[in-house]
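A.B. asks: Everything below, folded, please.
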Amino acid sequence: MGRQRTGEDNVFTGSVPVGGATITAPRRAVTKPSPAPTGLKIGHDLIAQRAHEIWLKQGCCHGQDQQHWFEAERQLKAELSRK
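C.D. replies: Next up, the predicted model:
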């Protein structure tokens, strides 16, 4: 599919290759994302990389890309809030 952006900032649908896998961003309603606790935005590539690491750690099981994506977002937001 590739990267597709909507009219809103930071809304992404599609997939991006990471390592030997393709990480697919979950489809969401078109709304502006809530800012990270520190006011910094967590980039798509950073979330994709973390989701890939989770996928590898959990045995490379396919079909859980959304769960990996949401877990990656949760972990990164938690890390930012501790700083």
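
A.B. asks: now the strands for the chain?
C.D. replies: Assigned by DSSP state E, the chain shows strands spanning 4-5, 12-18, 21-25.

A.B. asks: need the least confident one among those strands, by mean pLDDT.
C.D. replies: The minimum mean pLDDT among the strands of the chain belongs to strand 4-5 (a mean of 46).

A.B. asks: tilt between the helix ranked longest in the chain and strand 21-25?
C.D. replies: Ranked by residue count, the top helix of the chain under DSSP state H comes out as helix 65-82. Using axes from the mean of the first three to the mean of the last three Cα atoms, to 10 degrees, the inter-axis angle of helix 65-82 relative to strand 21-25 is 70 degrees.

A.B. asks: Helix 65-82 packs against which elements?
C.D. replies: Taking 3 or more Cβ pairs under 8 Å, 6 or more residues apart in numbering; DSSP states H and E as contact, the helices and strands that helix 65-82 lies on are strand 21-25, helix 44-57. Placement of C-beta: from N, CA and C, glycine included.

A.B. asks: Let me have these in TSV, extended by mean neighbour count and distance to G63.
C.D. replies: Below are the helices and strands packed on helix 65-82 laid out as TSV (neighbours: other Cβ atoms under 10 Å; distance: least, Cβ to Cβ, whole Å):
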stretch	mean neighbour count	distance to G63
strand 21-25	19	11
helix 44-57	18	11
